[in-house]
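Engineer: Sequence first, then the predicted structure:
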Amino acid sequence: MKFMIIFGPQAVGKMTVGQSVAAKTNFKLFHNHMSIDLVSTFFDYGTSAGKRLVHLIRQEIFEEVSKSSLEGLIFTYVWAFDLQSDWDYIEQVTSLFRSRGADIYFVELEADLEERKLRNKTEHRLLHKPTKRNIQWSENELIETSQTYRLNSLPGEIQQQHYVRINNSNLSADTVAQLIIETFEL
């Protein structure tokens with residue numbers, strides 16, 4: 001089993017790169033909005049009920065997948081490096097997979113804000129992420145979050161055996177996926 005976490009700021013291309021990696025491997029993709037958008041049908045993600053249900057869905061998927069015979073799982077996440085709770089969450093999830101013998105892969109994506117604002121409006125993103133379809137709200141959240149939190153790591157901050165950081169501002173998702181596959185020899 002291989003567990004890959006693709007992280008970076010909103011609209012950096014985590015889901016699209018994950019889709020491309022999944023298409024080129026036998027890995028399954030569990031992008032973070034699969035749980036968020038399901039729960040948002042009933043409760044806003046910002047509410048305590050919404051957060052609890054998203055966490056519960058993710059945890060149950062992770063539990064079952066980590067015990068399965070699947071070749072790999074890709075999970076996407078917006079990691080606020082200045083929040084200890086996000087570090088703790090990443091440690092909890094990766095520890096679960098590691099405890100069941102999985103190899104863990106960390107893929108960090110970065111792109112400049114203007115590029116992310118353009119990607120925030122793409123048809124592909126809006127098709128797969130219903131909660132992002134209010135583009136004005138989504139862009140404001142993207143800007144506000146980037147001003148409030150540090151959404152990319154500092155040099156040397158990620159100390160993992162299998163880690164790669166890619167600036168994909170000017171790269172296609174397929175190119176990035178191929179870089180990931182080659183870097184980790186998947």
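Structural biologist: Cool, the structure landed.
Engineer: show me what contacts the residue nearest to the spatial centre of the chain?
Structural biologist: Centroid check for the chain by CA atoms, centre = their mean gives Thr76 as the closest residue, at 1.6 Å. Taking CB atoms under 8 Å, 6 or more residues apart in numbering as the contact definition, Thr76 lies against Ile5, Ile6, Phe7, Lys14, Met15, Gly18, Leu29, Phe30, His31, Asn32. The C-beta positions use only the backbone N, C-alpha and C, and glycine is treated the same way.
Engineer: Now go through those residues and say which are in helices.
Structural biologist: Lys14, Met15, Gly18, Asn32 (DSSP state H).
Engineer: Give me the nearest residue to the first one, chain neighbours excluded.
Structural biologist: Residue nearest to Lys14 in three dimensions, not counting chain neighbours: Thr76, with 3.9 Å by CB to CB, 6 or more residues apart in numbering.
Engineer: my guess is the one you found is in a helix, correct?
Structural biologist: No - counting by DSSP: H, G, I helix; E, B strand; the rest coil, Thr76 is not found in a helix; it is strand.
Engineer: separation between it and Ile36?
Structural biologist: Applying CB to CB, to the nearest Å, the value for Thr76 to Ile36 is 11 Å.
Engineer: Next: Phe43.
Structural biologist: 11 Å.
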